[in-house]
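Novice: I would like the atomic coordinates for the input below:
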Amino acid sequence: MNSFEILPGDAESTVILHVPHSSTVIPADVREGIVLSNDELAAELAAITDTHTDVIAIGAANRAHVRPWRFVNRMSRLVIDPERFPDEREELNAVGMGAVYEKTSDLQTLRTPTADERDSLIARFFEPYAAAMAQLVRERLAAVGKVTIIDVHSFPNKAKRYELHKSDARPELCIGADDFHTPEELVTATREAMSSALFTGEIEVNQPFAGCYVPLDQYGSNRAVEAVMLEIRRDVVAANMSELQAATAALVDTVQ
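Specialist: Okay, the predicted model is just below:
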């Protein structure tokens, strides 16, 4: 099984829906390096997985007038987290949850990899993922001249122990934005499109999670690559799937 899947959209589409954290799949040899019992691992997967974000993306793709492209991680983030920096730039290294998690969401020991084992996971899973996403963005730029990456996530109602900003608001929707790659018009479009899927319309920008995914070869250098992160509180995901699919489709259509 490939660790990720690229699902083509329309040839003229400028949008890539990125779904990095929806899977619970862990290869058997990677499982051997995780010290949790089966029950403990099941509990951690339930806590850390952005369940049904892939379903949001599928529904949005099906409903959009111009079908977006989708890039979906088919491995659990407990294998590697493709959205982390793989080096000292990653702030979550401080709690053992960089590109290769060593701690659980409650800061218990997940694995104790050697340097070689960590490098092996990065080479096997992180680097091919990053390279494929970068290549897809370059191909779409060559085809249509602009790319908007919509990063689809969810988060729990209560902060987990690993989170570095526990005092931040936990709205129904957090819009993750980057100073360079997320123009104010994209934030506004996201706010307007997604508000119809929320209970009370609670929306914050970069609280409790900040930023959005952009391939490193484009990061901070190419304004033709725009990006925004949808961090949807999990009670909203559980209750409003159809509404979220429709709202995400509306966002896709707005930014095409």
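
Novice: residues in contact with the longest helix seen in the chain?
Specialist: Of all the segments of type helix in the chain, defined by DSSP state H, the longest one is helix 127-144. Residues from elsewhere that reach helix 127-144 (Cβ atoms under 8 Å, 6 or more residues apart in numbering): 3-4, 6, 11-14, 16, 18, 69, 71, 73, 80, 82, 147, 149, 213, 215-218, 222, 224-225. Where C-beta positions appear, they are placed from N, C-alpha and C, glycine not excepted.

Novice: filter those to the buried ones?
Specialist: Neighbour-count burial (16 or more other Cβ atoms under 10 Å) is assigned, among the contacts of helix 127-144, to 3-4, 6, 13-14, 16, 18, 69, 71, 73, 80, 82, 147, 149, 213, 215, 218, 222, 225.

Novice: Enumerate the positions of the longest helix of the chain that are buried.
Specialist: For helix 127-144, by 16+ other Cβ under 10 Å, it's 129-130, 132-134, 136-138, 140-141, 144.

Novice: follow-up on the earlier one: next step: the contacts of helix 127-144 restricted to strands.
Specialist: 4, 6, 16, 18, 69, 71, 73, 147, 149, 225 (DSSP state E).

Novice: how close does the last one sit to residue 90?
Specialist: For residue 225, the distance to residue 90 equals 21 Å [Cβ to Cβ, to the nearest Å].

Novice: Touching, residue 236 and residue 200? I think so.
Specialist: No - between residue 236 and residue 200 there is no contact, the gap being 10.0 Å when judged by Cβ atoms under 8 Å.

Novice: Mind checking which of the two has more residues around it?
Specialist: Here residue 236 and residue 200 are compared on neighbour count by other Cβ atoms under 10 Å; more neighbours surround residue 236, at 21 against 8.

Novice: Which pLDDT does the model give the more buried one?
Specialist: The confidence metric pLDDT takes the value 98 at residue 236.

Novice: now the residue lying closest to it once chain neighbours are set aside: how far from residue 230?
Specialist: Take residue 236 and drop its neighbours on the chain: the residue closest to it by Cβ to Cβ, 6 or more residues apart in numbering is residue 172, 5.1 Å away. Noted for residue 172: a distance of 11 Å to residue 230, by Cβ to Cβ.

Novice: who has more neighbours, these two?
Specialist: residue 230 (25 against 22).

Novice: List the beta-bridge partners for that one.
Specialist: Going by DSSP bridges, residue 230 is paired in beta bridges with residue 152, residue 175.

Novice: residue contacts, it?
Specialist: 150-153, 173, 175-176, 190, 194, 248.

Novice: In CSV: these, plus pLDDT and distance to residue 108.
Specialist: Listed next are these as CSV, based on pLDDT from 0 to 100; distance: Cβ to Cβ, whole Å:
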residue, pLDDT, distance to residue 108
150, 98, 33
151, 98, 27
152, 98, 28
153, 98, 23
173, 98, 30
175, 98, 31
176, 98, 27
190, 98, 35
194, 98, 34
248, 98, 34
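
Novice: Out of the residues you listed, give me the one that has the most neighbours.
Specialist: Neighbour-wise, the contacts of residue 230 (other Cβ under 10 Å) top out at residue 248, 28 neighbours.

Novice: That residue reaches residue 193, doesn't it?
Specialist: Yes - counting by Cβ under 8 Å, residue 248 sits close enough to residue 193 to count as a contact (7.5 Å).

Novice: Show me where the stretch 51-200 of the chain has its helices.
Specialist: 53-63, 115-121, 127-144, 184-194 (DSSP state H, counting those that start in this stretch).

Novice: For residue 5, grab the count of nearby residues.
Specialist: By other Cβ under 10 Å, neighbour count at residue 5 equals 14.

Novice: Can you tell me the closest non-neighbouring residue to it?
Specialist: Using Cβ to Cβ, 6+ apart, the closest residue to residue 5 is residue 72 (5.0 Å).

Novice: List the beta-bridge partners for the one you found.
Specialist: Going by DSSP bridges, residue 72 forms beta bridges with residue 5, residue 19.

Novice: Fine, thanks again, bye for now.
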